[in-house]
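A.B. asks: fold the following and give me the result.
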Amino acid sequence: MYFSKIKVIGNSSVAEKIRDFLSQLGYYVVDDDEEVRVVVGSLSRGLKYINKKPVIVVSPSGNYVIPLHKEGRVSFLASIIADLMDSTLVLTSKFAEMGLYSVQEFSWINGLYWKKYEKVKEVNKKLLEKGRVSVYVDDHVKRYYVPKEGGYVISEYPCDADIIIGGDGSCSALYLYPYKVVVGLKYISPMPLEVILYSIKLTLKSIYLNENRLDVIVSSIGDRRLLELAKLFNAEVVKVSGDTCESLLLQYGGKIILKGVKRAFGLETCLGVAQVEGL
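C.D. replies: Sure thing, here's the model as predicted:
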């Protein structure tokens, strides 16, 4: 669900600025094999690039950012670009008009994925009709963001809920499953814990992920202080070998979302997600 490869289409200074910003956050800015297209230009120009891939249009001046295709999948990425450019974000979906998070957006911010898209459409339809849906959290270890103001309320019983996070699949609800969110750390000299904590939260924020949704910290250094830090997230620490931050993620397994980027004090972080075996 998360995008890591972005193609920025345009030759202007605005396009170059977007490329630089996204690269500094850790996204792969590519010329082909992209997962999302960011078109700098008019809406009519953006329409020419619509196919099966999401499209975000940035006005030639850089003052407006508009998800043009598959808004529910790229609204947060568009928001990140708007923040970076100090631009106005223009959302046009029914969810945005009603101040609601679609199921796709709720899943994105909480590090979740689904297996049955038909159920996603069913719950989205109810959300638009009723203005809210109920969520049962079967996994109480992770801290999920359930936005009441965005149309989501907690259910006390699983089979009364429209959405179940975790669970065994025995109810008729939409089941959302947690990714393993993995952050890689690459550093040589000792780092203050507050610097590492700040860098981890900044990394999660770079993809608009709930800043408490961390499952695994991977590092090539046996730093016992990381165990103390991991307790803040209910996460685990795994020591693996690797010459680069990305190689640490590959050793652990999963998809790399953000490449290695130097944060505070030269600490390098990267981010990946992995599906939990058996789900």
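
A.B. asks: looking at this structure, which residue reaches furthest from the middle?
C.D. replies: For the chain, the residue at maximal distance from the C-alpha centroid (CA atoms, centre = their mean) is Ser189, at 29.6 Å.

A.B. asks: quick check: that one is in a helix.
C.D. replies: No: Ser189 sits outside any helix when classified using DSSP: H, G, I helix; E, B strand; the rest coil, being coil.

A.B. asks: what are the phi and psi angles of it?
C.D. replies: Per-residue torsions, Ser189: phi -80, psi 150 (degrees, to the nearest 10).

A.B. asks: is it true that Ser61 touches Lys17?
C.D. replies: No: at 11.8 Å, Ser61 does not count as touching Lys17 under the criterion of CB atoms under 8 Å. Backbone N, C-alpha and C define where each C-beta goes, glycine included.

A.B. asks: between those two, which is the more surrounded one?
C.D. replies: Lys17 (16 against 11; other CB atoms under 10 Å).

A.B. asks: ok, back up a step: so for the residue farthest from the centre of the chain, what's the pLDDT?
C.D. replies: At Ser189, the pLDDT value in this model is 76.

A.B. asks: for it, give its distance to Val58.
C.D. replies: Going from Ser189 to Val58 by CB to CB, to the nearest Å gives 39 Å.

A.B. asks: what is the burial count for Tyr145?
C.D. replies: 16.

A.B. asks: and the gap between the nearest residue to it once chain neighbours are set aside and Val146?
C.D. replies: Spatial nearest neighbour of Tyr145, excluding adjacent residues (CB to CB, 6 or more residues apart in numbering): Asn210 at 4.7 Å. For Asn210, the distance to Val146 equals 10 Å [CB to CB].

A.B. asks: ditto for Val8
C.D. replies: From Val8 to Val146 the distance is 34 Å (CB to CB).

A.B. asks: same deal with Pro158?
C.D. replies: For Pro158, the distance to Val146 - CB to CB - is 15 Å.

A.B. asks: which element is Val135 on?
C.D. replies: Take DSSP states H and E as the rule and Val135 turns out to sit in strand 133-137.

A.B. asks: that strand pairs with which strands, and in what direction?
C.D. replies: Paired strands of strand 133-137, with direction, are strand 152-154 (parallel), strand 163-165 (parallel) (DSSP bridges).

A.B. asks: quick one: contacts for the residue lying closest to Gly10 once chain neighbours are set aside?
C.D. replies: Excluding its sequence neighbours, the residue lying closest to Gly10 (CB to CB, 6+ apart) is Val40, at 3.2 Å. Listed by CB atoms under 8 Å, 6 or more residues apart in numbering, the contact partners of Val40 are 8-10, 12, 14-15, 18, 57-60, 62.

A.B. asks: what sits opposite Val40 in the beta ladder?
C.D. replies: Bridge pairing for Val40 - DSSP bridges - gives Val58.

A.B. asks: what does the pLDDT read for it?
C.D. replies: In this model, Val40 is scored at 97, pLDDT.

A.B. asks: pLDDT below threshold where in the chain?
C.D. replies: The model of the chain has pLDDT under 70 over residues 139-142, 277-279.

A.B. asks: so it: which segments form each domain?
C.D. replies: Using automatic domain parsing, the domain ranges for the chain come out as 5-92, 100-178, 179-275.

A.B. asks: helices of the stretch 51-200 of the chain, start to end?
C.D. replies: For the stretch 51-200 of the chain, the helices defined by DSSP state H, counting those that start in this stretch cover 71-85, 94-98, 103-110, 117-130, 193-205.

A.B. asks: dump the shortest one to PDB, keeping only the CA atoms.
C.D. replies: The C-alpha trace of helix 94-98 is given here as PDB (Å, rounded to 0.1, in the frame of the first residue of the first chain):
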ATOM      1  CA  LYS A  94     -16.600  12.900  -0.800                       C
ATOM      2  CA  PHE A  95     -14.600  11.800   2.200                       C
ATOM      3  CA  ALA A  96     -12.700  15.100   2.300                       C
ATOM      4  CA  GLU A  97     -15.800  17.100   1.900                       C
ATOM      5  CA  MET A  98     -17.400  15.300   4.900                       C
END
